[in-house]
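1. Sequence first, predicted model second:
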Amino acid sequence: MVSMVYCRLIEQHNIGWFKCCIADESALRRVAIPSGCKKGLELGERTNMAVSMKNLDPAFQGAGQKAYPHANSSGTEIWRIENFCPVPVPKSSHGKFCTGDSYVILKTTALKTGALHHDIHYWLGKDTSQDEAGTAAIKTIELDAALGGRAVQYREVQGHETEKFLSHFKPCIIPVEGGVASGFKHTEAEEHQTRLFVCKGKHVVHVKEVPFARSSLNHEDIFILDTKSKIYQFNGSNSCIQERAKALEVVQFSLLSRRRMLEGLSLLTADDGKLMADADTGEFWGFFGGFAPLPKKSASDEPKRNYAAPPKLYRVDKGERTIIEADTWTRDLLDTYYCYILDCGSEVFVWMGRNTSLDQRKAASSAVDELLNSEDRPRTHVIRVIEGFETVAFRSKFNSWPQSNNNVAVTEDGRGKVAALLKRQGINVKGLLKAETPKEEPQPHIDCTGNLQVWRVEGQEKILLSSSDLSKFYSGDCYIFQYSYAGDEKEEQLIGTWIGKLSVEDDRISAVSQATKMARFYEGSEPIQFFAIFQIFIVFKGGLSSAYKNYLAEKELPDDTYKDEALALFRVQGSGPENMQSIQVEPVASSLNSSYCYILHSGPTVFTWSGNLTTPEAQELVERQLDLIKPNAQSKLLKEGAESEQFWDLLGGKSEYPSQKLTREAESDPHLFSCTLTKGDLKVTEVYNFDQDDLMTEDIFILDCHADVYVWVGQQVDTKNKLNALSIAEFVVTTQQKFLERDYLHEKLSLQAPVYIVMEGGEPPFFTRFFSWDSSKSAMHGNSFQRKFTILKNGGAPVLDKPKRRTPVSYGGRSAAPEKSQRPRSMSSSPDRARVRGRSPAFNALAATFENANARNMSTPPPVVRKVYPKSVTPDSGKSGPRSSSIAALSSSFEKVPPARQFVIPRSNKASPETPKPKPEPLSRQNSVDPSPKSKPEPIQEDVKENEAEDEEGLTLYPYERLKTTSTDPVSDIDVTKRETYLSSGEFREKFGMSKGTFYKLPKWKQNKLKMSLHLF
């Protein structure tokens, strides 16, 4: 028969526990394990987590087997306890709970790893019986065991539910009186009764019905008065804007929908303190017999019980609690064969060892109930965790906890090893690898056809890089980059800093101070977006800044800054021509890696080395990068294992080197945190099952994806807090302990994780991809309550208070680059829309600071002066978005660009010779010194006639025999990445069978294929 077995592969194959189905369990026991050797498989105790399928409650059959994305309500399954048995609740009744019943709720989500994550809650109505509550607790344990024993289990008491539970039923739950035991069946009353509800909460809403009386009202909360023809929202004078906005969601999605949007039903708001002067407020008070002052404290407020007491740790053995005395709590106190109770006052944790039986776990649950009942603490939260799957909140209670991967979910590599081992023993491993997910190439989620400018930090100044040096960085320097690209409806900007590993503190401080409110990247931790906008990226050793040179002189250190003729070794990496990098490493054999290709040069000697694990595509990147690093040199191709003595001599001799590919931090499932910064103290609250509506314009939020950190700043955040935005991000990243004390994400964030500052209204696509995004919502004016009230009054559609911005128009030429770029549009966010890599009005507004006024393209609008962080609620003040305001402020501090030479044939693909045209347009280049008047740009020629000249003016032409890569008499001083441009139009047509104009309309990959066939690539 097929059995469910839990095994663990240990020591050198230590991948944690895993679950597999085998046809014959005895076959697993017959696995040969040498005596005294721990390498092999351990069979977990059968009672560990598994529940025999014949003993599984039929209502739980198939539960939790479907994967759902985060915040998808479809992943919720609910059972109600009826006659001590779980009975499935239809989806149409999800969110409707009866006060006299107990429920079991299962939430299943699919993680990025491909594994399923389960959260189990059991909800106890205020009138439920003790027997039903006990049954719900026991059934929760059984359900968890059937799912593999990895779920976190939560005890929820009516009126005191956790935020995670309420997030499954946004915007709220409103329990109804009655239950199964009383034979209650909910039906709509024929005559509507006026009801009063109190709403509390900024992120999720606790809704409670209170007596319809003046004494129920207070100044602190929000109240909803549901009458026959109108619904009133009463906002206490001391309530916050965010709570008022959340209460509107309750009105919209619960009360209005429950009454099926009755004909003529209207929504009115009454603000505490407006007395009778306001018509709506006066009408509201009329239901209470007229206005009268409210008491400071409502009679309906429940007394808060103080459960504060020193935490206590108990071990449960045969249902009996034994307190554990210890000076400090460490992980070693917990034995895998026992269950433990950690009493923290307001919440109680139950830790269940991996090798405990089902009966032991049930006994521990009963022991917790006995503890709470004996101390009259019925509302205390109870969280049950399994060994190996502890929550951050639980682990943070211990002074010492191993930093190894506590998530024992099986990795793809581990599954493969286990499957191979079992298969050799003749065991059926079908289905063991089902949870594997194919590895996908990360996408940049940004338009890669925009304009790019880069400055090197030099003290308190910035030096603009020329087009040929645009992608050449030094590890000892810091840089500021500005990337302008077309968004869906407007021009978007990405400004940030790049900090080299060897850069000195003075340069880092200067770089950060000059671009404080944008992105920050460290060498070696760059995100995919950074490489995508640069496309070609080279990092040299050493540095050029004065601060770096002075540091070396003070420390008497040698200056190993890259020199063209010196010994140098480069590791080539990337995914393709649109994303390739060369990183200079130490010129020693241990720097090699079998998964990469390398360029080694010393004087005129050049080698390219390909590891055995590299692909033909990677080897192609080497040739492309060689054209940039040593453009006119002839290289010797070497394969791993067939190196020459000269190669090893240059590297100082042979030595061991790795073969595993380097990987950056993987992106994890996102977590959203609401942040408040008070007197330097950062307080965070996690927002579960988040969506766009959770981003309140008055707040600052942190979206933590582990590999990247986003700080979202609302438009209504006051200026002082906005200026501290990046400090919050640094606070989260660099002061890890404080973040952990808030009980979230015990994940060891890298101190150099990429940090993005995202301003409301200018959210880039690589941020909005985590939400179901509606850009019209972030474009609205007003505070959160005003926006949601406008949407609600408008029938659910956002109303914009400002005119829709036009898509920016290009103005004939890219800054510091030829007029029409050959960069592909394959990664463009809108591939169906043609993009011209020219300057837009917004880009020119920024660039105007750097240009000579006499050399400016007169077709470019003058820069617009805008206020930083406008506190706007009016249409006029909203005309300039927060992103453009920040850029204008940043540009005002940058220096003007000194005159530079005209680049005719730059070395970089970024500034490669442009497609020849019959009548080339005049370029508006940042580095141009041509003061001649600009002629009106002519339309792009779509086709070239047979006898029409199409050779670029000023470009020397060469015969095909000298241009091809196999030529015995090669041409020097050309851009080898654009050999075909040096052919005459006649010879070009003869070789390619088409005109140059037609050729450059082909996709980049097709151009490269044709060039390779003609030895021009």
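-> Arrived safely, thanks for sending. Numbers count the residues shown, from 1 in each chain.

2. which residues touch Ser674?
-> By CB atoms under 8 Å, 6 or more residues apart in numbering, the residues touching Ser674 are 202-203, 684-687, 696, 699-701. Every C-beta, even on glycine, is put in place using the N, C-alpha and C of the backbone.

3. one more time with 6 Å, if that's ok
-> Going by CB atoms under 6 Å, 6 or more residues apart in numbering, Ser674 touches 685, 687, 699, 701.

4. quick one: the third one and Lys200, what's the gap?
-> Distance, Asp699 to Lys200, by CB to CB, to the nearest Å: 17 Å.

5. could I get the contacts of Ser674 as TSV with neighbour count?
-> Formatted as TSV, the contacts of Ser674 follow (neighbours: other CB atoms under 10 Å):
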residue	neighbour count
Thr685	16
Val687	21
Asp699	21
Phe701	23
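
6. Could you provide those in CSV, with additional columns for pLDDT and secondary structure?
-> Below are the contacts of Ser674 laid out as CSV (pLDDT from 0 to 100; DSSP: H, G, I helix; E, B strand; the rest coil):
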residue, pLDDT, secondary structure
Thr685, 88, strand
Val687, 93, strand
Asp699, 87, coil
Phe701, 89, strand
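
7. Please identify the one among those residues that lies nearest to Tyr338.
-> Thr685 (33.6 Å; CB to CB).

8. what kind of secondary structure is Ala547 in?
-> Under DSSP: H, G, I helix; E, B strand; the rest coil, the three-state class of Ala547 is helix.

9. gap between it and Phe521?
-> Ala547 sits 20 Å away from Phe521, going by CB to CB.

10. Give me the residue ranges of the stretch 151-300 of the chain where confidence is low.
-> 181-191, 254-265, 275-277, 296-300 (pLDDT under 70).

11. which residues in it form helices?
-> For the stretch 151-300 of the chain, the helices defined by DSSP state H, counting those that start in this stretch occupy 163-167, 241-250, 256-258, 279-286.

12. before we move on, the earlier item: any idea which of the contacts of Ser674 is the one closest to Ser590?
-> The nearest member of the contacts of Ser674 to Ser590, counting by CB to CB, is Phe701 at 43.8 Å.

13. ok, that closest one - contacts?
-> Applying CB under 6 Å, 6+ apart to Phe701 gives the contacts 672, 674, 695, 712.

14. so who does the third one touch?
-> Counting by CB under 6 Å, 6+ apart, Leu695 makes contact with Phe701.

15. Which residue is the nearest non-sequential neighbour of Glu526?
-> Spatially, and ignoring its direct neighbours in sequence, Glu526 is nearest to Pro754 (7.1 Å; CB to CB, 6 or more residues apart in numbering).

16. Looks like the one you found contacts Pro527 (just checking).
-> Yes: using CB atoms under 6 Å, Pro754 makes contact with Pro527 at a distance of 4.6 Å.

17. Might one say that Ser365 is in contact with Ala136?
-> No: with contacts counted by CB under 6 Å, Ser365 stays clear of Ala136, the gap being 10.4 Å.

18. Quick one: low-confidence residue ranges for the stretch 401-550 of the chain.
-> In the stretch 401-550 of the chain, residues with pLDDT under 70: 403-441, 516-517.

19. Please repeat the previous calculation with a cut-off of 80.
-> Counting by pLDDT under 80, the stretch 401-550 of the chain contains low-confidence residues at 402-442, 487-490, 513, 515-518.

20. Kindly report the same for the stretch 701-850 of the chain.
-> Where the stretch 701-850 of the chain drops to pLDDT under 80, the residues are 718-751, 793-850.

21. at 70 instead, please
-> Flagging of the stretch 701-850 of the chain using pLDDT under 70 yields the residue ranges 718-747, 795-850.

22. ok, how many other residues are close to Gln443?
-> By other CB atoms under 10 Å, the residues close to Gln443 number 14.

23. do Glu656 as well
-> Counted with other CB under 10 Å, the neighbours of Glu656 add up to 7.

24. three-state assignment of it?
-> Reducing the assignment at Glu656 to three states with three-state DSSP gives coil.

25. Next, work out how far apart the closest residue to it other than its chain neighbours and Leu569 are.
-> Nearest non-adjacent residue to Glu656, counting by CB to CB, 6+ apart: Ser590, 6.7 Å away. Between Ser590 and Leu569 the computed distance is 11 Å (CB to CB).

26. These two: which is more packed in?
-> Per other CB under 10 Å, whichever of Ser590 and Leu569 has more neighbours is Leu569, with 23 against 14.

27. mind listing what that one touches?
-> Shown here is Leu569, whose contacts under the criterion CB under 6 Å, 6+ apart are 585, 587, 591, 600.

28. Would you mind measuring from it to Ala133?
-> From Leu569 across to Ala133, the span is 68 Å (CB to CB).

29. One more: Val585?
-> Distance of Val585 to Ala133, computed by CB to CB: 63 Å.

30. between the two, who's got more neighbours?
-> A count of neighbours by other CB under 10 Å puts Ala133 above the other of Val585 and Ala133, at 21 against 18.

31. How about the contacts made by that one?
-> 102, 124.

32. That one looks like it's in a helix, true?
-> Yes: assessed by three-state DSSP, Ala133 belongs to a helix.

33. Quick check, pLDDT for it.
-> pLDDT for Ala133: 91.

34. ok, now the one 4 residues further on?
-> In this prediction, Ala137 carries a pLDDT score of 91.

35. Please identify the helix or strand for it.
-> Element membership of Ala137 [criterion: DSSP states H and E] is helix 130-146.

36. Buried residues, that helix. List them.
-> Across helix 130-146, burial judged by 16 or more other CB atoms under 10 Å covers 132-146.

37. returning to that earlier point: columns distance to Asp969 on top of the contacts of Ser674, output as TSV?
-> Shown next, in TSV, are the contacts of Ser674 (distance: CB to CB, whole Å):
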residue	distance to Asp969
Thr685	71
Val687	68
Asp699	68
Phe701	63
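
38. Nearest to Phe284, out of those: which one, please.
-> Nearest to Phe284, judged by CB to CB, of these is Asp699 at 28.5 Å.

39. how far away is the closest one from Val711?
-> Distance from Asp699 to Val711, by CB to CB: 11 Å.

40. Same question for Ser357.
-> Applying CB to CB to Ser357 and Val711 gives a distance of 47 Å.

41. what's the answer for His117, then?
-> Distance of His117 to Val711, computed by CB to CB: 26 Å.
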